[in-house]
Structures are given as C-alpha cells and as structure tokens.
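Asks: sequence and predicted model, in that order:
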Amino acid sequence: MDYQFAAIEEKWQKYWADHQSFKAEANSDKPKYYVLDMFPYPSGAGLHVGHPLGYIASDIFARYKRLKGFNVLHPMGYDSFGLPAEQYAIQTGQHPAVTTETNINTYRRQLDQIGFSFDWSREVRTSEPSYYKWTQWIFMQLFNSWYNLETDKAEHISTLIEKFNAAGSAEIKAACDEDTKTFMPSDWANFSDAEKQEELLKYRLTYLKESTVNWCPALGTVLANDEVKDGFSERGGYPVEQKKMMQWSMRITAYAERLLQGLDTIDWPEPMKEMQRNWIGKSSGASVKFNVENSDLQIEVFTTRVDTIFGVSYLVLAPEHEWVAQLTTPAQKAEIENYIAQTKKKSELDRMADAKTVSGAFTGTYVVNPVSGERVPLWIADYVLAGYGTGAVMGVPSGDQRDWLFATNFNLPIVQILDSQKEIDVQADPTKEGKYINSGFINGMGYKEAVAFLNQWLEDQGVGKAKINYRQRDAIFGRQRYWGEPIPVYFKDGLPYLLKEEELPLLLPEIDKYLPTETGEPPLGRAEGWKYEGKYEYELSTMPGWAGSSWYWYRYMDAQNDQAFADPKAVDYWKDVDLYIGGSEHATGHLLYSRFWNKFLKDLGFSKEEEPFKKLINQGMIVGESAFAHSIGFNFGEDVTQKFTNEERESYDKIKEKYRFISGKYLSYELIELLKSSNDLEDNSTTEKRQAILSHFWKPVEEDLTAAGLKGKVNKLSLPLGLNFYKTHVPIDYVNTKNEIDIINLEKNDPRFNGAEFNLNGSVFLSSREIEKMSKSKFNVVNPDVLIAQYGADTLRMYEMFLGPLEQSKPWNTNGIEGVFKFLRKFWRLFHNEAWEFTVSDEAPSKAELKSLHKIIKKVQEDIERFSFNTSVSSFMIAVNELTDLKCNKRAILQDLVAVLAPYAPHICEELWSLLGNKDLSTAQYPIFNPEYLVEDEFAYPISINGKMKMNLNLSLTLEAKAAEEAVLANEQVQGFLNGASPKKIIFVKGKIVNIVV
C-alpha cells in the first residue's frame, strides 16, 4: 500500500497516548535529561506554522536522547493566566476560565497531531488552583525572608528578628529600603507590633511600597517595562503613562551580583547574556550628598566619575522625585507642573532611549557642591528616572555629551577640569587622561590618584563614599486585573499579613464583571463579602504574568504533588533543565525572574542548583509573507483661489478629511505603481490611463464641492494637490502564487471588503507582498492543520527543520513542502515492492549499502548534538536516493535507518518499525556508528590513454603499481581502447590516476 500518512499518524498518536509511551520515570538508573520548551499562552487563534518550530527541534532532541539511553523528561503545559482572556471577558462577560479551557483544547489537539513526545501526565496550567497554590506559597516564602549580605543569601525573617532582639539594627548588613530605622534592642522591644511589622516590611524580599509605575488606563493595570513599547502597551497598543501608586515589589536587586556572575556558568547565547548584563547594569563609582540650600535636606547622587565633581554646574532630579514639589519655588511652580504633566505621557523606556531631545525645568532652588562649596542650580529633566539609583544625577558638561547639550541649551557653565580636554566649546570630552585643573584640592593629580583621594575624603567628611551600583530595579509584582493569581495577603490596620499555609490556595472569587470598581479599585473589589475571616480586606491586585512561569519547571518534576511544590527526591533527581528552547524576547522578563526565584529557592534549601537552565537556545522566528490591497486618497493643499467664510472653511475641511483616504475603493497594484511614477495630479506627462484613474477617483470630490457651494471657489488646477497611498492586509488564503487576489471570495467572506470597488488592470487584481511577523492581525497566518491534512505531520516536522538553521529567522514558503513529502514517500518505497507490498530481505548488506547507512548514522548524530537539524534533512534525502539507486531492501540496513530518522519523522518510522516485527520504537537504541564502513578500500581510477581520459575502473586501494598495471591491462574495455597497441609506458599514481602511453 502506498504511503497513507493520515491513517498512520492517527494510529500512532493514539498508541502513544494509550500506552503513555513518553512518560518519564520518577527514578531510573539511566542518566537523566530534561528537555523543556517555553510553555505557551493559549491564545484564541491557536497555533500557526511559526509556533511549532522550537517544539519540533526540542522533540527531535528528546526522542534522540531516549534512543541514546537517557531517561528523558519532556513535558508541556500552559501559561494560562493572561490579558487576552480577560479582555475577551470584559467584552463578552464570559469567564476567562471558560475561554482559556476552550483555547487549551485547541492547542492540545494541534500539539497532538504534530506528534510531540510530551509526557502529558505532568501537564501544568498556571491558572489551575492546584498549581497557583504553590505560586502563592512561594510568594509567602519571599515575604517571610530577608537577604543577609554577610551570608550572601536569603534567610527566614526570624533570623533578622533575632538580630534585632540581640543587637538592634546597627550591625545589620541587608538588602533593604533606604529609610530603615536605627535602633537599639531596647527600642525594638518597645516597638508596637504594628511598628515592628512596618519596619520588617523594609527588609522583606517582597514588600509594599509607593512606586512609579507604567499605568495603562485602557487596560486598567500596571505594566512591566518589557510590556511597554514606544509609550504604548505591547498588548493592544494603548497609551501608557507614569503614575505613583502603592505596589507590591520583589527585591530582585538583592540578587543582582549573583545574577550577573551566574551568566558565566551557563551555556546561553552570548547576545542573551549581554542583554541581561546590560539590564542588571553594574557600575563602580561613588555616592555623593549635596546639601539643599537653606534646608536640612540632602540630595544623594551616584556617579561613576567622582573625579569630575568640581566640574558640576547643575543637579537634576527626576520629575517624579518625591521632593520636587517642596523644592520648587513659587515663581517656578507653573513651569515645573507643566513639565511633569508632559513627562507623564512618556514611558520610562522612551525617556531612556531619547538622547537627542533636550528638555528640563529649573526648580528655583540651589544645592551646595560638597567639595567646592559652590551653589549649583537644581533642575528636573525626563532623562532622570526616580526608580534608577537615587533619582538624581549631577551634570558635568565638559565630560558628558548629554550634560553638554543640556548646559548649552540652558546657558549653564561648562568648566574644563582636565588639562587634556579639547574643544569643549564644541562638544564634551570624556577623557580620563592628563592632570586635573579648576578642581580644588585634586589639581595636578591623575585619574586613579584623584578617585582614590576623593572617595576617602568624601567618607571622612561624611558626605559620600565609594559604591557599586546596579541599574536594575526591584520588580513590580502586581496587576490591577482579575485573571491572575490572588496575592495571599490580608490587611489589618493598614499593614499586610499572610494567610496560613493550610488556607492555600486563595481562590479567585466570582465577580459580576471584569472591570475596575466605580471607585477605581481593581476588579477583585467587586467580589461581594470577599474578606479574610469575614472582616479583613484581601489584597485586590493579582500577581503579574511572570509569576507562574518563574518556577514551573520544578512542578513538572512532580506535577501531582499536593503536599509540596515538588518532592525533594524528584528535585534532587531531575536537578535542572538540560536544554531549554524559547524566544529571545523573554531575555529581561521570564528568563531573569526565573533565575531570581531559582536562586531564592536554593537559598531556602528547596533546590541545590544555582541556575535553572543549563543550556538555552533561542529559536528564530518563522516570518510570514503578507499580501496587501492598495487604495489612494487626495492630499489637499491649503491655498485656494478665493477666501472662504467660516462656514465654507468648515465644509472644505470636512471634504479634505473625507477624501484623505478613499475607503471602499481599491486599485490593482500595477496601477498604484503607475500612479506613483508621478505623484503630481496635474503633471503634463501623465498618461491617458493615469488621467482616467484620477478622474474616476476625483469625480465624487467635485460632486461634494458642488453640493457645498464651493465649486466656483476651488480651482482644481491651481490646487497643490498630491496623492496619499494606503494599503490593507488581505488574507493570504485569497492570494495565489502570482499575487492575484480572488476578489470574488474576498468580498464575499471578509467584512472589510464587503461592497468594495476593485479597479482591475485587465482581468486580474494584483496585490503587493511584504515579509512580516506571522500574526493573525496581519492576515498572513498559515494554519498547520491545513498542511497536516494535505501532507501529514511528519512532512511538516521535517519541512520546518529544512527551512534553515534553528536560531535564524526565515520566511515561510509553502511551495517547498512538496519536496519533503516526496522524500518520505520515497523512503516508504524502500520497504515495498512494485505492487506496494511490504517486502524486506534478510540478505547480508553490500559494502555500498553499509557505507550509505553509516554515513547517515554519523551525520545525524553529529547534527543533532550541535542542533543543526536542517542539514540532517538534506542528508536523509541523499541517503534515501543512494539506497534507492542500490535497490536496497535489506533489513539490516533499513531497520537502522528507521531508528535514525525516527526523531524527525516519528509516525512513519513507528509504522515501519512495527512492520519490521519490532515493538515500541521509543525504547529502541540509536544505531552504533562503525567507522570501518566508511574506509575506502576501492577507488574509481580515471584511465587515460595518451593523456585523454577514457573510463573509470574500480581497483582495490591495496594494489601497488605492478598489480594495478596488470589489472588495468586485463580489462576488456581497456583492451578495446588500445585496439591492439602495446603500451610503451604506464604511469600509476596510487589513489589518483592511471595513464597509458602508447
């Protein structure tokens, strides 16, 4: 029977599910190997062909490792809390859990039909109470912990309380807030319980604090920096503003140095590690305090160039700094408030990225330079962020270009501080060379001497000290949304207290709708009677999207445990993830938070591994080819032949706006190109066709001008009018390989084009094409269901690998999939005779057959080990072609070939393995490579007569000159070429040539 892929794949998918073929053993004598994919958020759109790329690669590796004798853990689950389900709930009223369940069922069906070898007995869903119970439990451990800088690890909060009882706060070395109190043991003893809890909150690894956050009014929630792009939410594209509010945070900064050092111990792509290094942002410098003039306040700044302190000509606070209001003089109040309002419209990332725009406002207040005693004006500027460092920076225009631009713009002094600085009237010179000038007591010193002297002087005077700083900030840990993990906290007298562990999980309550309350509280505020012990308010924020994904790999180790997040024995056995595959977009989100939580769990003894993911591979993106239908509009000029009345001007403006984009009318793309060749409506060189097009589109404009009484007042010929060009995504299902759009079905099935006018050029309507990210919103999604129905899952798996190197992005092109399908059919053919009957021989294989087999055994093993999956697909094709040419149907060859191909095309291989009389390919062994079969013992010598090549003759490479000459002359074909002539000389070069001279 010919290759019946649909029946074969259905059969083996059912077999694997029924027999739990890929269930990992809890303990085994085999070496363990943990292969993990970044689990997906189950969106309503389901999978497109870009999504499985990483999953296919990890599955090939997992199947290969099983064949190599490893006990492989290869699980899958769902990161199932998320904004899309909640947005859908807001629009429809349907509970997010219902939407999520439906979406998961779609994902599971699609994943199963691609033939992944996941251990589904360990499936996790972050939105299931049995899972988020342990996310809440980890939050509680963080709340009950502090970071001891002496031991360089997290410890239970009780050890901090013991230190307070014994010696007060004086000797405490902790990662904590800046405003911790100094007290004696007796003071601590006399603190009320509320005072103690308030002070401990400044040390806990998760804590409440007023923070400047990215607030998205449209989504009604706080967003992390990595969820904001160019001032808009990544999800939905809504405006984001800066806002201060009480927020839960996690003290990830306590782990900054360990997070940094750990990068040197893991096998990750270097660009990914560099992104994390930059995010953490370690820098060495000094902390310096500037006294505010006529005030007891001191403004602390961190600088990496303390040697430039004599060159300070201004100080800058972040616009959201808590002291701005009180440090602003009445005369400057309006300007400051206006500047702050403008700053709120920008995201922090926008403010950090914009190095060219110079802006700021003077507070009217001065500070005192601690080393020179000079008055320094205090400004605010949006390039300074309250959450980074101290929220204040010193401006040294001669040594920093941004400071130079600021000083130049606002006419502030630019002081030369090194004799080697050049042309500081043109630009800043950041040199460290030369000797200091205009720098008081460090004049004449060099850089290193000056830095050491200043650091000591600042510490001696009590106005500063040397310091290591990190750009990274504590992680905001709260969302003002419904669909997330409830935070297991209640409030008593305004202070947060934890639930008891036995009260977990704290379940999401039912609410009437998924919007903030009328008084602005998060949606959980709608829950009726939702109070702890009936009287204390619960925390109304939920956990952020990264909470559930920050520990999920541990849950896979022991997914059904209801007594612990994972059994210690399981954690000890599986240890960490050996191979992790996922997208690079998670560099400073999930991957950083996961490392943080892992280190914390290690500190508390729940894990022995410092890093969670040994090796990371970032798969490239499969991008789509989008199609567009094009339209035009008119770009009206402002000048007209006569003056308008106000009423006429209003009518004219409405007509201008109406025809800026002409909706419902589309032009075939070659007509657009014709129009673009001259973007001037009245160009004398316009062709008759262009004139006809423009006249057709201009006609309704003239009709509207006439109706408005403006026909005589607007002279079309004198209008400086041009064309606007627009494009609209067209679903690629309606576009053929010639870029021709099926406009009949497009208009019929796509509401955006219902009743549209299509202006053709001849009989076809052409689209344009562009390469873009594959996305439902771009209408360029290719559904794997369609391809699997047409070609089978094995074909899809191999084709996705065949597209190119795993780490590189590549465009999707369905045209090449047919070749892979033909290859699998040819592979199937090796096992069948002319009548498609399964036929294999038990004859001993030939040298050529063994050589072909062992070449592919070696090649695939090397390719998989270095994750070069695309080159293996090419090699499989070569091997099958060679064996086809050899007419090989030998069991000894084909059985091993099945095992080699199995990780890539598991369904067809399972079927053939079964037909060969074997059971369960997942328990087989990868064939052992024998290098002897690749040793060449024959060579096809080119035989030449008088220098002209006549033929090739296979001779043993063991033959020396005399024996080789005898063998050549004994050959009938050679004798035919000689035609009775006697050789005068035979030139023999072993392994190269034979030349007969006659």
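Replies: On my side now, so go ahead. Numbering: from 1, shown residues only.
Asks: look up phi and psi at the residue most central in space within the chain.
Replies: Geometric centre of the chain, nearest residue: Glu585, 1.4 Å, by CA atoms, centre = their mean. Main-chain torsions, Glu585, degrees, to the nearest 10: phi -70, psi -10.
Asks: what's the answer for Ile622, then?
Replies: Per degrees, to the nearest 10, the residue geometry at Ile622, taken as phi and psi, is phi -90, psi 110.
Asks: quick one: contacts for it?
Replies: Contacts for Ile622 were tallied using CB atoms under 8 Å, 6 or more residues apart in numbering; they are Val49, Gly50, Leu53, Met774, Glu800, Leu803, Ser809, Lys810, Pro811, Trp812. Any C-beta I mention is one placed from the backbone N, CA and C, and that applies to glycine too.
Asks: just for this structure, where's the confidence low?
Replies: Along the chain, the parts satisfying pLDDT under 70 run over 224-226, 637-642, 678-687, 713-721.
Asks: on that earlier part again, quick check: the residue nearest to the centre of the chain vs Phe116, distance?
Replies: For Glu585, the distance to Phe116 equals 22 Å [CB to CB, to the nearest Å].
Asks: hang on, the earlier thing: wait, which of the contacts of Ile622 is closest to Tyr490?
Replies: Lowest distance from Tyr490 to the contacts of Ile622 (CB to CB) belongs to Gly50, with 44.1 Å.
Asks: go ahead and confirm Asn995 touches Lys984.
Replies: No. With contact defined as CB atoms under 8 Å, Asn995 does not reach Lys984; the gap is 11.4 Å.
Asks: more neighbours: the two, which one.
Replies: Neighbours around Asn995 and Lys984, counted as other CB atoms under 10 Å, are more numerous at Asn995. The numbers are 18 against 9.
Asks: I'd guess the more buried one is in a strand, am I close?
Replies: Yes. When classified by DSSP: H, G, I helix; E, B strand; the rest coil, Asn995 is found to be part of a strand.
Asks: isn't Trp828 up against Tyr3?
Replies: Yes. With contacts defined as CB under 8 Å, Trp828 counts as touching Tyr3 at a distance of 4.2 Å.
Asks: where do the contact lists of the two overlap?
Replies: Taking CB under 8 Å, 6+ apart as the criterion, Trp828 and Tyr3 both touch Ile908.
Asks: still on that earlier bit, out of the contacts of Ile622, which are inside helices?
Replies: Secondary structure of the contacts of Ile622 is defined by DSSP state H; positions in helices are Leu53, Glu800.
Asks: so how do I select the buried members of the contacts of Ile622 in ChimeraX?
Replies: Typed into ChimeraX, the line below selects the buried ones among the contacts of Ile622, using 16 or more other CB atoms under 10 Å:
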select :49,50,53,774,800,803,810,812
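Asks: now, which of the contacts of Ile622 sits nearest Gly446?
Replies: Proximity of these to Gly446 was ranked by CB to CB; the top entry is Ser809 with 48.9 Å.
Asks: what ranges does the stretch 751-900 of the chain have for its helices?
Replies: 784-791, 793-802, 817-829, 847-865, 869-885, 891-901 (DSSP state H, counting those that start in this stretch).
Asks: for the fifth one, packing partners?
Replies: Contact analysis of helix 869-885 by 3 or more CB pairs under 8 Å, 6 or more residues apart in numbering; DSSP states H and E lists helix 793-802, helix 817-829, helix 847-865, helix 891-901 as its packing neighbours.
Asks: out of the ones you listed, which comes closest to Gln421?
Replies: helix 847-865 (54.9 Å).
Asks: C-alpha coordinates for that closest one, PDB please?
Replies: Once side chains and other backbone atoms are set aside, the C-alpha atoms of helix 847-865 remain, and they are given as PDB (Å, rounded to 0.1, in the frame of the first residue of the first chain):
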ATOM      1  CA  LYS A 847      29.700  -2.600   1.300                       C
ATOM      2  CA  ALA A 848      28.000   0.300  -0.600                       C
ATOM      3  CA  GLU A 849      24.800  -0.100   1.400                       C
ATOM      4  CA  LEU A 850      26.700  -0.200   4.700                       C
ATOM      5  CA  LYS A 851      28.600   2.800   3.700                       C
ATOM      6  CA  SER A 852      25.400   4.800   2.900                       C
ATOM      7  CA  LEU A 853      23.900   3.800   6.200                       C
ATOM      8  CA  HIS A 854      26.800   4.600   8.400                       C
ATOM      9  CA  LYS A 855      27.300   7.900   6.700                       C
ATOM     10  CA  ILE A 856      23.800   8.900   7.800                       C
ATOM     11  CA  ILE A 857      24.200   7.400  11.300                       C
ATOM     12  CA  LYS A 858      27.300   9.600  11.800                       C
ATOM     13  CA  LYS A 859      25.900  12.700  10.100                       C
ATOM     14  CA  VAL A 860      22.600  12.800  12.000                       C
ATOM     15  CA  GLN A 861      24.300  12.100  15.400                       C
ATOM     16  CA  GLU A 862      26.700  15.000  14.800                       C
ATOM     17  CA  ASP A 863      24.000  17.300  13.500                       C
ATOM     18  CA  ILE A 864      21.600  16.700  16.400                       C
ATOM     19  CA  GLU A 865      24.300  17.100  19.000                       C
END
